[in-house]
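**Student:** What would the 3D arrangement of this be:
(chains A and B)
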Amino acid sequence: MLPKKPNFYALLGLFRSAKPDEIRRAYLKSAKKLHPDKNQAAGETELFLDVQQAYQILSDPQRRAAYDATLPVEDSEAGPKSPLEYKIEISRPNIPSGNDKQLIYALLRLSAGADYKQIQAVPPLNVCLALDCSTSMQGPKMEMAQASAVQVLRRLKPDDIFSLVSFGDKAEVAIPAARQIDVHRAEIRVRALTTGGGTEMYTGLKAALDEVRLYNNPGAVNHVILLTDGRTYGDEEKCYAEAKIAADEGIGISGMGLGSGWNDVFLDHLADLTGGGTMFVREPHDIERFLSEKFNNLSRAFAQNVEFYAEVAEGAQANYVFRIQPDAGQLSFQEVTRLGPVLLDEPLAVLFELRLDGERQNGQSFELLKGHIEASIASILAPVPIIPVRIDVTVDDSAEPVGPPQAIVQALSKLTLYRIQEKARLAVEAGDYEKATQHLQRLATHLLSQGEKSLARTILLEAQHIEQQKSFTDGGEKHIKYATRSLLMPGERIS
Amino acid sequence: MINCPNCRNQEPDGAIFCSECGMQMIRSEGQDTQSIWPEPDDLGTAPISGRAVDMANVWISLHLLDNGQILSISDRAEFTLGRTSENQPIMPDVDLTPYNAFDHGVSRLHAVIRRLNGAVSVMDLGSSNGTYLNGARLAANNDTPLSHGDILAFGKLKIQVILNI
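**Tutor:** As a prediction, this is how the structure comes out:
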């Protein structure tokens, strides 16, 4: 009997119908992970050779056809089994004909497969903490940041790689990236950090990313945490460009904004480009709690670099894409949307608001959105099969209307509040204070009915302030934004 | 296009919530009662004479001093009181409209009464004409304990509290 040949498609995590560019991408991904320069575990080099052979054959149309002929016919459509569980719900399967604008909501959920939850294999970290040490950090902020960094150092596991970059006008590597850092010496370095200068975000970000890049590998969680209390001037675009490069390399960025002076729009967008999230740290004494929460989340990662490649139908567009959990935040929908990690014990949930314009005939069907999800899982050697995603609606005037699924309504009930907050903020920026106050009052009414008393009160006070002073209180808009956002997340609340 | 019944804002077909005022416009699959569309029968607030109430579980009754009617509450540990009017985003759990609430100066969302660990308290929700406990006006948004026999006034509508816990 012939020895069983490995299935080249399964090896690369591909469907039999995979297109050449999908094959190439899947190969590059596994090759990066399994390359003999990087791999550590036994057997990985052999797997790397198999992957190479698979690519050589599948990338050549003639050899691929010859290989396909040797495969049994029956499994031509069945894809390899994914370690990720995938579910999508839509608000309604049917839409009426005509040319009225139509909204369709879709809730996408990804979670760790049941078999994998048992394993609890947490990947090692490769994290750099980029600490804003500009003049404004002086005092309690800096003291708390230093103390929190020391706490992090003490909690590192032997496999974890950690580095710390301080930045003001220029960046300095206070703790170079390494495993098994000498905690005592590192503590002295952290305690010796001083404040001074402005906030040159780009230099800090670049230096931090370079530290992570030294040991960047797909078997770890590669991440930069940027803690800042200020805003950067003029180098935003450079930061975004750098974040995009980092995302392609598999490095995530998370923001932690301290106090009221930082630029939340900038930090949110920067993190979003890599699938990361931003936290609002109101008071210096909260730094430690948020930082340890961030580290916890990073080490609970199951799938990382979850990328959504999608196209929308002609006449359709994705109005609003929002990650409900684990880390609530708006996502920018592009050719590749980075959805953020799937945690071991918490699913990834993303809500899409899709809009369809144009003429529709009864009986016609629309492929509103079509694409696939790619992800990598640090604890699994073989590549993760791609997950095809499709959202279809049919034009049917005789269909009985069905109510939207409860999960969508629940997510939307909270998201609507967040969006009213956005509207209030835009109204203040546009100078329409009456409208802003009205929005905030409506927001407060809803919160009151949901039992969020203290937040409702804060918002009412804020509405009063806008009425009288024509502006939010210092940091008020951030407080409302991140508090309404945190309503979406299960568990802890900002009040 | 659909019009929001609350604020008249126009939303595209398929919208589930009004983007202006946040009101839910479409009910979800299998969603029975939502606080914004209460069905009075479900709330256990019908006058005693009108409907059989599970008396064993009644923990509070509201004795309307004006006409002597008694409202008994059994199936929830927290309820809001107020009156209903058209196009209102949030409906109170206990609707006092039939008891001349408007003339007595009851706000749409006037107060909330709740039971927590065996203690009952009342909180004014920022009503226009205030909530009075035994004649003293309560500060808005503050929980105040209630005892058996207390007289509450929502605006001018007087109610005696009868506790059964």
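
**Student:** tell me the contacts of A:Arg355?
**Tutor:** A:Lys101, A:Gln102, A:Leu103, A:Ile104, A:Ala316, A:Gln317, A:Ala318, A:Asn319, B:Pro12 (C-beta atoms under 8 Å, 6 or more residues apart in numbering or on different chains). Where you see a C-beta, it was placed from the backbone N, CA and C, and this is true even at glycine.

**Student:** Let me see the contact set for the residue lying closest to A:Gly340 once chain neighbours are set aside.
**Tutor:** Sequence neighbours aside, A:Gly275 is the residue nearest to A:Gly340 in space, at 4.0 Å (criterion: C-beta to C-beta, 6 or more residues apart in numbering or on different chains). Going by C-beta under 8 Å, 6+ apart, A:Gly275 touches A:Ala247, A:Gly252, A:Asn305, A:Val306, A:Arg338, A:Leu339, A:Gly340, A:Pro341.

**Student:** repeat for A:Leu258
**Tutor:** A:Asp132, A:Met137, A:Lys141, A:Ala145, A:Leu227, A:Thr228, A:Asp229, A:Val281, A:Pro284, A:Ile287.

**Student:** Give me the subset of those lying in helices.
**Tutor:** A:Lys141, A:Ala145, A:Ile287 (DSSP state H).

**Student:** Next, the contact list for the second one, please.
**Tutor:** Think A:Ala145. A:Leu131, A:Met137, A:Leu227, A:Leu258, A:Pro284, A:Ile287.

**Student:** Let me have the contacts of A:Gly275 in a markdown table, adding distance to A:Val395 and neighbour count as columns.
**Tutor:** Formatted as a markdown table, the contacts of A:Gly275 follow (distance: C-beta to C-beta, whole Å; neighbours: other C-beta atoms under 10 Å in any protein chain shown):
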| residue | distance to A:Val395 | neighbour count |
| --- | --- | --- |
| A:Ala247 | 38 | 20 |
| A:Gly252 | 41 | 27 |
| A:Asn305 | 37 | 25 |
| A:Val306 | 32 | 24 |
| A:Arg338 | 33 | 23 |
| A:Leu339 | 30 | 22 |
| A:Gly340 | 34 | 27 |
| A:Pro341 | 37 | 27 |
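
**Student:** now these in CSV, with secondary structure?
**Tutor:** Output for the contacts of A:Gly275, formatted as CSV (DSSP: H, G, I helix; E, B strand; the rest coil):
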residue, secondary structure
A:Ala247, helix
A:Gly252, strand
A:Asn305, strand
A:Val306, strand
A:Arg338, strand
A:Leu339, coil
A:Gly340, coil
A:Pro341, coil
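
**Student:** Nearest to chain B among the residues you listed?
**Tutor:** A:Leu339 (22.4 Å; C-beta to the nearest C-beta).

**Student:** how much space is there between the closest one and A:Lys294?
**Tutor:** To A:Lys294, A:Leu339 is 18 Å away according to C-beta to C-beta, to the nearest Å.

**Student:** hang on, the earlier thing: list buried members of the contacts of A:Arg355 by neighbour count.
**Tutor:** For the contacts of A:Arg355, a neighbour count by 16 or more other C-beta atoms under 10 Å in any protein chain shown gives the buried set as A:Gln102, A:Leu103, A:Ile104, A:Ala316, A:Ala318, B:Pro12.

**Student:** in the stretch 151-300 of chain A, which spans are strands?
**Tutor:** A:161-167, A:171-179, A:221-228, A:252-258, A:278-281 (DSSP state E, counting those that start in this stretch).

**Student:** will you turn those into a markdown table that also has mean pLDDT and distance to A:Asp264?
**Tutor:** As requested, the strands of the stretch 151-300 of chain A are exported to a markdown table (pLDDT from 0 to 100; distance: least, C-beta to C-beta, whole Å):
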| stretch | mean pLDDT | distance to A:Asp264 |
| --- | --- | --- |
| strand A:161-167 | 95 | 19 |
| strand A:171-179 | 93 | 22 |
| strand A:221-228 | 95 | 11 |
| strand A:252-258 | 94 | 6 |
| strand A:278-281 | 91 | 7 |
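
**Student:** For B:Leu152, find the nearest of those strands.
**Tutor:** Judged by C-beta to C-beta, the one of the strands of the stretch 151-300 of chain A that comes nearest to B:Leu152 is strand A:278-281, at 40.0 Å.

**Student:** Quickly list the domain ranges of chain A.
**Tutor:** A:8-76, A:84-119+A:302-395, A:125-299, A:406-486 (automatic domain parsing).

**Student:** Mind telling me which residue is nearest the centre of chain B?
**Tutor:** With distances taken as C-alpha atoms, centre = their mean, B:Leu81 lies nearest the centre of chain B, 2.4 Å away.

**Student:** can you pull the pLDDT of that one?
**Tutor:** Looking at B:Leu81, its pLDDT stands at 91.

**Student:** and if you look at A:Val342?
**Tutor:** 91.
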